[in-house]
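Visitor: Dropping the sequence and predicted coords here.
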Amino acid sequence: MSIRLHAIGKHFGKTQALEPVDLDIAEGELVGLLGPSGSGKTTLLRIIAGLETADREPGGRILFGERDVTHLHVRDRRIGFVFQHYALFRHMTVFDNVAFGLTVMPRKQRPSSGEIRSRVHRLLEMVKLEHMAQRYPAQLSGGQQQRVSLARALALRPDVLLLDEPFGALDAKVRQELRRWLRHLHDELNFTSLFVTHDQEEALELSDRVVVMSDGRIEQIDTPDVLYRRPANRFVFEFLGDVNHLEGSVRNGVLTCGDARLAVDLADGPEELLLRPHEVELAEKPAAHAHMPVTVTAISPVGAEVRVELAADWLGEPWLATIRHADYERLALARGVRLYALPRHWHRFPAERDHQPSKTVATTS
Amino acid sequence: MSTRSFAIGLGSTPKRVLPGFGLSLGISLTFVSLMLLLPMTGLFGQLAGLSLAEYWTIITNDRVVASYVVTIGAAAVAAIVNAAFGLLLAWVLVRYEFPGKRLLDALMDLPFALPTAVAGITLATLYASNGWMGRLLEPLGLQVAYTWVGIALAMAFTSIPFVVRTVQPVLEDMPHEMDEAALTLGASDITGFRRVILPHLWPALVTGTGLAFVRSLGEFGAIIFIAGNMPYETEITALMIFVRLQEYDYAGASAIASVVLFASLALLLVINIWQGRFIKRLHGGHG
């Protein structure tokens, strides 16, 4: 079922946790709400769930499909909610936890106990925990508990599934596994889900679309691909990955910063350019368009790439470059080696008052 | 040779990392002996002077048995009333914010702070037929002072903190998400409370109520003024002990006291064992 928000905002006392936002989520979509802590993402999720009430503003509406749920109590909204710390009922077995939603239904609508049993077992099978049915939550690992809590949330066949940092309390490997598993489950059952995370990698990997938030505002809503390639503003760009800064002044099409020089197609004046680590190449000689001497200070081969930390007199903060293993071997990289950085792309987000469009430029070599 | 002795040395005296075990345990045991065990030994010393038949006669004396009934009945009523209202008070103190909350919280300890005799006299004057409350209740046919209702009232007054103070921390530790989860699953407020919150508080509530009950069994000062002390009707067991003492019948007093003592100890033991099992389950079988 689709979710539509119109002018939903929230104040806690005098502080505005959420500026009035509009948001459309199509049926069957898996959408991530991404932002740093305090960005209002959890507040937004809890308002959709009905665990928090939005400010009473004329026109503020929440729709699930055609159903207006703005003033409905959480128990009548037909949502599934997964909490960061699982919130399982500790005095009940796994089976009773999953069955809870079915057993508290009004007597007339409640399925027979036989049907409840078979439904719960099917759910436990789905989360691969059927052999744990009689255990208590405290006897399960964090990942297993979160799977139980997911089965519990799905037991009532909710219209929408809402997840509040569902993998936040788990360790890295389990998180990876659960992420993939949730994606499969979503594709299989095709419910509409919305999840909150502060982990950009998680948001980009898992979501059909990502809603990036900061300071109670929605900064950008796009597919992970577009978000990464065409960030709407500096915040989104910086939040979605590691960033190298280059500050200097432009004169006659050359940006100078200490003894570093880079040919740019910009008007004269102070400039700040941003580069992703994979947009920095390393070479033994300077190129015609860039003369940027750097020293390697740390090397860590992580996965498919090698992360290289670079320092120089002209840099305030060290740069990070990710290069291929082949280049790593060709350049014979070691700590203390002096090289030249060659930016392949750079981005620039002029301060908002300039009203200039943001710019992403491939440097000509 | 040297490695061998090293290994033996390690195996025979495992070294404790936390310091001060010997000293702290020694002081603790001395304190327990002086403060708790010695008086109890004295009690049994008194009992040694009695034969089993004499002991039985004393503790099954009609008037004494009537006092057991009054004491246990009133204590049970007081404990049940306290369980309900103590839970409510703890709930209000933990879950809501309101002006005067700190004051109400501090007020909970008043029964501990007030000398029980003062409480007793106050209650007696309040509920006597010419007191503030007595004047209101008398026309309704409700006699509180000098009946077992008064006894239960005095017991409830002195033992309410036990329930509040045992339930409160458990309620504070209970994550809000737990009842939110129940709500998202469609539970009504009452169902959520009954099936999610109450089971969580159950061990603490039972312990608190049990402590309140045991405290009421032994209460003397607060009750004695409001009870009226009519033989067979409003005499409590503690009074029977006091009466024996005034007659210099130390053995008789000890005999009756031992009944109260055993009843209390047995109850506390049962609660402890039961609670241990319950908590084990919450902590995955190895708590």
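Guide: Yes, it's here.

Visitor: Quantify the burial of the residue of the stretch 51-200 of chain A found nearest chain B by counting its neighbouring residues.
Guide: Closest approach between the stretch 51-200 of chain A and chain B, counting by C-beta to the nearest C-beta: A:Ala138, at 3.3 Å. Using the backbone N, CA and C atoms, a C-beta is placed for each residue, glycine as well. Neighbour count for A:Ala138, taken as other C-beta atoms under 10 Å in any protein chain shown: 17.

Visitor: so it makes contact with A:Arg90?
Guide: Yes: the pair A:Ala138 and A:Arg90 qualifies as a contact (C-beta atoms under 8 Å) at a distance of 6.3 Å.

Visitor: between these two, what contacts are shared?
Guide: Shared between the contact lists of A:Ala138 and A:Arg90 (criterion: C-beta atoms under 8 Å, 6 or more residues apart in numbering or on different chains) are residues B:Leu282.

Visitor: Can you get me the start-to-end distance on stretch B:193-204?
Guide: 15 Å (C-alpha to C-alpha, to the nearest Å).

Visitor: Helix, strand, or coil at A:Val294?
Guide: For A:Val294, the assignment made with DSSP: H, G, I helix; E, B strand; the rest coil gives strand.

Visitor: Give the bridge partners for it, please.
Guide: A:Leu339 (DSSP bridges).

Visitor: so how far is A:Pro318 from it?
Guide: 9 Å (C-beta to C-beta, to the nearest Å).

Visitor: between those two, who's got more neighbours?
Guide: A:Val294 (24 against 14).

Visitor: ok, the residue nearest in space to the middle of chain B to B:Ile236 distance?
Guide: The centroid of chain B falls nearest to B:Leu211 when counting by C-alpha atoms, centre = their mean (2.0 Å). Applying C-beta to C-beta, the value for B:Leu211 to B:Ile236 is 18 Å.

Visitor: where along the stretch 51-200 of chain A do the helices fall?
Guide: A:94-103, A:113-126, A:142-154, A:172-189, A:200-206 (DSSP state H, counting those that start in this stretch).

Visitor: do you know which of these lies nearest B:Phe278?
Guide: B:Phe278 lies closest, by C-beta to C-beta, to one member of the helices of the stretch 51-200 of chain A: helix A:94-103, at 15.6 Å.

Visitor: does the closest one come close to chain B?
Guide: Yes: counting by C-beta under 8 Å from any C-beta of the partner chain, contacts between helix A:94-103 and chain B involve A:100-101.

Visitor: ok, back up a step: chain center to the strand or helix carrying the residue nearest to the centre of chain B, what's the gap?
Guide: Taking DSSP states H and E as the definition, one finds B:Leu211 inside helix B:198-218. The chain centre lies 7 Å from the centre of helix B:198-218; the measure is C-alpha atoms, centre = their mean, to the nearest Å.

Visitor: buried stuff in that helix?
Guide: B:199-201, B:203-218 (16 or more other C-beta atoms under 10 Å in any protein chain shown).

Visitor: Kindly provide the distance from A:Ser300 to B:Met178.
Guide: 42 Å.

Visitor: For the two, work out which one has more neighbours and name it.
Guide: Between A:Ser300 and B:Met178, counting by other C-beta under 10 Å, B:Met178 is the more crowded of the two (19 against 9).

Visitor: wait, what's in contact with A:Leu282?
Guide: Counting by C-beta under 8 Å, 6+ apart, A:Leu282 has contacts A:294, A:308, A:321, A:323, A:327, A:331, A:333, A:339-342.

Visitor: Out of those residues, list just those in strands.
Guide: A:294, A:308, A:321, A:323, A:339-342 (DSSP state E).

Visitor: And the buried ones among the residues you listed, selectable in ChimeraX?
Guide: Here is the ChimeraX command that selects the buried residues among the ones in strands among the contacts of A:Leu282 (16+ other C-beta under 10 Å):
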select /A:294,308,321,323,339,340,341,342
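
Visitor: How is chain A divided into domains?
Guide: What automatic domain parsing lists as the domains of chain A is A:3-239, A:244-362.

Visitor: Quick one: the ones in strands among the contacts of A:Leu282 as a markdown table, columns for pLDDT too.
Guide: Output for the ones in strands among the contacts of A:Leu282, formatted as a markdown table (pLDDT from 0 to 100):
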| residue | pLDDT |
| --- | --- |
| A:Val294 | 92 |
| A:Val308 | 92 |
| A:Ala321 | 91 |
| A:Ile323 | 89 |
| A:Leu339 | 90 |
| A:Tyr340 | 92 |
| A:Ala341 | 91 |
| A:Leu342 | 90 |
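
Visitor: Show me the residue at the heart of chain A, geometrically.
Guide: Short answer for chain A (C-alpha atoms, centre = their mean): A:Ala203, at 3.0 Å.

Visitor: shared neighbours of A:Val294 and A:Pro318, anything?
Guide: A:310-311.

Visitor: Please name the nearest non-neighbouring residue to A:Ala267.
Guide: Nearest non-adjacent residue to A:Ala267, counting by C-beta to C-beta, 6 or more residues apart in numbering or on different chains: A:Val250, 6.9 Å away.

Visitor: contacting residues around the one you found?
Guide: Neighbours of A:Val250 in contact, by C-beta under 8 Å, 6+ apart: A:256, A:264, A:266-271.

Visitor: Tell me the one of those nearest chain B?
Guide: A:Glu271 (48.0 Å).

Visitor: What residues sit buried inside the helix or strand hosting the closest one?
Guide: Using DSSP H and E, A:Glu271 maps to strand A:269-275. Residues A:271, A:273-275 are the ones in strand A:269-275 that count as buried (16+ other C-beta under 10 Å).

Visitor: Around the closest residue to B:Gly221 other than its chain neighbours, how many other residues sit close by?
Guide: Excluding its sequence neighbours, the residue lying closest to B:Gly221 (C-beta to C-beta, 6+ apart) is B:Thr116, at 3.4 Å. Number of residues near B:Thr116 (other C-beta under 10 Å) recorded here: 19.

Visitor: Which pLDDT value belongs to B:Thr116?
Guide: At B:Thr116, the model reports a pLDDT of 88.

Visitor: Quick check, it in contact with B:Phe157.
Guide: No: with contact defined as C-beta under 8 Å, B:Thr116 does not count as touching B:Phe157 (9.1 Å).

Visitor: Overlap in contacts, those two.
Guide: What both B:Thr116 and B:Phe157 touch, as defined by C-beta under 8 Å, 6+ apart, is the set B:Ala222.

Visitor: partners of A:Val280 in the sheet?
Guide: A:Pro343.

Visitor: was I right about it contacting A:Ala341?
Guide: Yes: if you go by C-beta under 8 Å, A:Val280 and A:Ala341 touch, sitting 5.4 Å apart.

Visitor: list residues touching both of these two?
Guide: Common neighbours of A:Val280 and A:Ala341 (C-beta under 8 Å, 6+ apart) are A:310, A:319, A:321.

Visitor: what's the neighbour count on the second one?
Guide: Going back to what we said before, that points to A:Trp319. 23.

Visitor: just the buried residues of helix B:198-218 that are near chain A?
Guide: Answer for the buried residues of helix B:198-218 near chain A (C-beta under 8 Å from any C-beta): B:199-200.

Visitor: Format the CA atom coordinates belonging to the helix or strand following the helix holding B:Leu211 as CSV.
Guide: Downstream of helix B:198-218, the first helix or strand assigned by DSSP H and E is helix B:221-227. Written as CSV, here are the backbone C-alpha positions of helix B:221-227 (Å, rounded to 0.1, in the frame of the first residue of the first chain):
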residue,chain,number,x,y,z
GLY,B,221,3.2,0.3,67.5
ALA,B,222,1.0,1.6,64.8
ILE,B,223,-1.8,-0.9,65.4
ILE,B,224,-2.0,-1.1,69.1
PHE,B,225,-3.8,2.3,69.5
ILE,B,226,-6.4,1.8,66.8
ALA,B,227,-7.1,-1.9,67.4
